[in-house]
Structures are given as C-alpha cells and as structure tokens.
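> Give me a model of this one.
(one chain, ligands or ions: 1)
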Amino acid sequence: MAKLQHVISADQFHDTAFLDELFASARQMEEADKARRLSSPLSGRILATLFYEPSTRTRLSFEAAMLKLGGSVLTVENAQESSSAAKGESIADTIRVVSGYADAIAIRHFQEGSARAAAEIASVPVINAGDGAGEHPSQALMDIYTIQRELGQVAGVRIALVGDLLNGRTIHSLLPLLALYPDVTVDLVAPPELELPQKYITMLRDKGVKVQETPDLEPVVASANVVYVTRVQKERFASVESYDRVKDVYVMSHAIAERLKGDAIIMHALPRVNEIAPEVDTNARAAYFRQARNGLYVRMALLQHLLG
Ligand code: NCD
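Predicted coordinates for the structure are as follows:
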C-alpha cells in the first residue's frame, strides 16, 4: 500500500484497499499479542503524544501500541497547562522542537485544523488524535474495523448515528470511510441544534450513500445494523444552559437495546455520560468496549505502517 506520511483526515483514504491491509495487520497484531509472540519492530523509535485536551483511550492506546511494538513514548498530557504553551509558546515552535526528539507525534488540540498545521511544520509523521470539532481519523479506522469484525462486512450496512453530529469529530471522520463501501445507508439522529453540517450530507449523497435525517431515535431502531451513539460534546458549547437543554436528548436503555435486531451492534467512541445506560453493557449487542480494545490493534498497525 502507498505509504502515508501523516494521518490527518479520513479524506486521505480513497479506497478500501488501504483499510483492508491495515485491518489484516491489526488482526495479526492481535493474534501475536494474544500468543505473546510480538516482536519489537519499533525498538529504538519514539512516539510523542502531545495532548492539549483530555483523553483516556486515545492517548493510552497509542502509547500501549508503541510499547507493545518495542518502541518508547514521550507523553505530554494536559499540554495547555503543563507544556511551554502555558508560557505562550506557539504550537508551531513546540512541533519543531518535538520533531527533533521523537520519530512520530500524535497530537490532540482544541483548534480545528491544528493537526494539519502541525504536519506542515513537523519533520516526522503527525497523527491527528482529535482537532477540536474537526476530525479523529484513527478513531474512524478502528470504528470501521469494529463494524467489519462484528458484522462480517461494512458493505450494505445501515448505520444510525445518534447524538451530537455537529461537534462529534469521530462522526466527521467516520462518514468519509463509510462512503468507501457500497450500499451503505446512514440515518442521522440529532436534535435541530446538533445536526450534522450540510457539507457532510452533500459529500455522502455525492458518493451514493443513502442518507436520512430524523430528530427521533424511534424510527431507526428496528432497521439499524449499527447504532453509533455519541456524547454531547459539552466542551464545545458556549453556555451551560445550551448544553443542559440537549445533554440527555437520547438515552440508549435496555428496553430500546432489546428492540434492535438480534445481530445489531451498539457502538460508542467513549467516554459515555448518560447516553448509554450501564444496564446495556451486558447486552450482547453492546460492542463499545470491544471497539475500544480494537483501537489498540488498529493503532499498532498504523504505527507500524508509519514507522516500520
Ligand atoms: C472521542 C473524542 O475525543 O472525540 N473520544 C475518543 O477519542 N475515544 C469522543 C468523545 O470524547 O466524545
């Protein structure tokens, strides 16, 4: 497969061939890990994780991925307060300097476009680990991998995307990847305040994806193969009042989960707040913890691709 220099946007992926190879590599990583026979192909290499916004899964799974491949990590969590950003240093200067210490940089920042700007300056591969309400491409790769693992294929899938489609960067990256597969139907379930920006709907329709919009969860329950629930992105709201108005707009309960198709799956990038009741966790359809686990192997495959 053509080698990627950086991973900034899901728009970088033009066909499923790259994804197939990446997923085959992720599968091998998982098997080797479980058999405790992982080698150390990235020994001597360093990943820097520069996180200006909170994270549990993304940062730790990138770091675990690097360590399992024999590499090392330099980690800056809470970078806005704990790095020289607090002294007024620009991201550009930080990236220039960190490029000299690390072989790759995974960056999460609250400004949309920040990862792309970092990639223009960096002399090493940059991975966008979330740029504001923009994108989160490695999450989208592990999400597609999860759909494929759970349902056998992505082609023909009917997926309901539920919640904050305006600010949810995992959704913004997932949509272009879904559009690479034939015969996909997307049901957009959001209140008027949190609707998916029109540019994504246009992109989907241009690529032949069937798209429907509804403010209610009810009409999509019986037909979905995948229900992808998202957190209302509190940190993107201008006021607490505007957040409070929509925060619990959809709640996946045991009763709703039981009305999904028997082989449907429920996904969530996590963290969840109230949008999936804990009682759903023991339902066989609940795929979100498996999804998080898949992230480790997809990120191992991605690091191996970028640095191997
Ligand atoms: C997501 C994110 O940061 O965009 N989390 C993650 O990376 N697993 C989703 C979210 O925070 O709601």
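> From now on I want contacts and neighbour counts done on CA atoms only, so please keep to that.
OK.
> What ranges does the stretch 151-300 of the chain have for its helices?
169-178, 198-206, 240-246, 254-258, 288-307 (DSSP state H, counting those that start in this stretch).
> How many residues are close by the residue in the stretch 101-250 of the chain positioned nearest to the ligand?
In the stretch 101-250 of the chain, the residue that lies nearest the ligand is R231 (4.6 Å; CA to the nearest ligand atom). For R231, the neighbour count with other CA atoms under 10 Å is 23.
> which one is it nearest to, not counting chain neighbours?
R272 (5.9 Å; CA to CA, 6 or more residues apart in numbering).
> For that neighbour, grab the count of nearby residues.
Neighbours of R272 (other CA under 10 Å): 15.
> ok, now D263?
D263: 12 neighbours (other CA under 10 Å).
> buried stuff in stretch 95-107?
95, 98-99, 102-107 (16 or more other CA atoms under 10 Å).
> Would you mind measuring from T282 to F289?
11 Å (CA to CA, to the nearest Å).
> what about those two, which has more around it?
F289 (14 against 10).
> Look up how far I91 lies from that one.
33 Å.
> Same question for T75.
Taking CA to CA, one finds T75 at 16 Å from I91.
> Could you do V273 as well?
31 Å.
> Compare these two (neighbour count), which wins?
I91 (17 against 14).
> ok and the residue in the stretch 1-150 of the chain nearest the ligand?
Of the residues in the stretch 1-150 of the chain, the one nearest the ligand is T58, at a distance of 5.1 Å by CA to the nearest ligand atom.
> residues in contact with L270?
L270 makes contact with 230-231, 288, 292, according to CA atoms under 8 Å, 6 or more residues apart in numbering.
> did I read that right, I144 in a strand?
No. Counting by DSSP: H, G, I helix; E, B strand; the rest coil, I144 is not part of a strand but helix.
> where are the low-confidence patches of this structure?
Residues of the chain meeting the criterion pLDDT under 70: 1.
> Show me the strands in it, by range?
46-51, 72-76, 104-109, 126-131, 158-162, 185-189, 210-214, 226-229, 265-267 (DSSP state E).
> Could you export those as CSV, including distance to L4?
Below are the strands of the chain laid out as CSV (distance: least, CA to CA, whole Å):
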stretch, distance to L4
strand 46-51, 16
strand 72-76, 21
strand 104-109, 12
strand 126-131, 10
strand 158-162, 28
strand 185-189, 28
strand 210-214, 30
strand 226-229, 28
strand 265-267, 27
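> Highest mean neighbour count out of the ones you listed?
Of all these, strand 126-131 has the most neighbours on average by mean count of other CA atoms under 10 Å, namely a mean of 27.
> now that strand and strand 104-109, what's the angle there?
In terms of direction (axes from the mean of the first three to the mean of the last three CA atoms, to 10 degrees), strand 126-131 departs from strand 104-109 by 20 degrees.
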